[in-house]
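Student: Below is the structure, and that's it, no one-letter string:
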């Protein structure tokens, strides 16, 4: 029993990553991994040749089933649906920062919503987790040829929309620090100057708090929105730099309460996209860690 638990716990981070990238929800990913543990605990071990392959396959198939149900629910979601942001450790090297930001960013996970559950699983296992096609086939229960086709179509579907800018971590951080300072000072020219003219803001309120039903386009309009908040709340507004989904991001607090988690994409000179998570349910884990600003 101790050996079984040790084997599972050693693979738990990988299983958690697969489930989170499939579902875009920390809570649902944790539920999946817990259910996988129960199945592992009850499984006849003598029939399992490769523990990792078995656990990855079960996690993937359960995530596919959960995502099918989630997609139906998300069709009735109020406003824009964005993934639940994930607090992550600061990567140790620039290479790790680039790799993790690309494979788990909020914008990328939102883009994956366009894929079918099977295509999403095949794409993630192959392109993010570097699985061989025989492993992908075993995990999703299809032939290798079918998996190759799924991955090829997914790559084509995502190619034109994936984040194009591979910005050094230090550059991204510098721009966010400048943006945070401009927000706290309420300086409209500085806020506006840091936003690209064609910048876009996506907001998720989940129908629980006010947010935009459609993307807000235009750097100046977005700057006016942030400036209005600065003017309205003054010293009661504060921001904190954190790492979300492998990238530097901002948490915004109003009167000490977490109001939003904001993820950014930049081209190295200006901000081109902002994903603002305001749904209290999706902020609960972050708020518990960063209570009081």
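Tutor: Thanks, I have it. All of these numbers come straight from a predicted model, not from anything done at the bench.
Student: Can you find the helix or strand in this protein with the smallest mean pLDDT?
Tutor: Every helix and strand in the chain was compared by mean pLDDT, DSSP states H and E; the lowest is helix 94-104, with a mean of 57.
Student: residue ranges with poor pLDDT in the stretch 151-293 of the chain?
Tutor: Scanning the stretch 151-293 of the chain for pLDDT under 70 picks out 162-165, 292-293.
Student: quick one, strands of it?
Tutor: 195-204, 216-217, 237-244, 247-254, 257-266, 271-277 (DSSP state E, counting those that start in this stretch).
Student: Turn these into a markdown table, including distance to residue 127.
Tutor: C-beta coordinates here come from the backbone N, C-alpha and C atoms, glycine included. Formatted as a markdown table, these follow (distance: least, Cβ to Cβ, whole Å):
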| stretch | distance to residue 127 |
| --- | --- |
| strand 195-204 | 23 |
| strand 216-217 | 29 |
| strand 237-244 | 22 |
| strand 247-254 | 19 |
| strand 257-266 | 19 |
| strand 271-277 | 21 |
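Student: All the helices of this structure, residue numbers only.
Tutor: 2-23, 26-42, 51-74, 94-104, 106-112, 117-123, 133-140, 144-159, 169-185, 188-193, 219-233, 280-289 (DSSP state H).
Student: Pick the most buried one from those.
Tutor: helix 117-123 (a mean of 24; mean count of other Cβ atoms under 10 Å).
Student: just checking, what packs against that helix?
Tutor: helix 2-23, helix 51-74, helix 133-140, helix 144-159 (3 or more Cβ pairs under 8 Å, 6 or more residues apart in numbering; DSSP states H and E).
Student: can you rerun that using 7 Å?
Tutor: helix 51-74, helix 133-140, helix 144-159 (3 or more Cβ pairs under 7 Å, 6 or more residues apart in numbering; DSSP states H and E).
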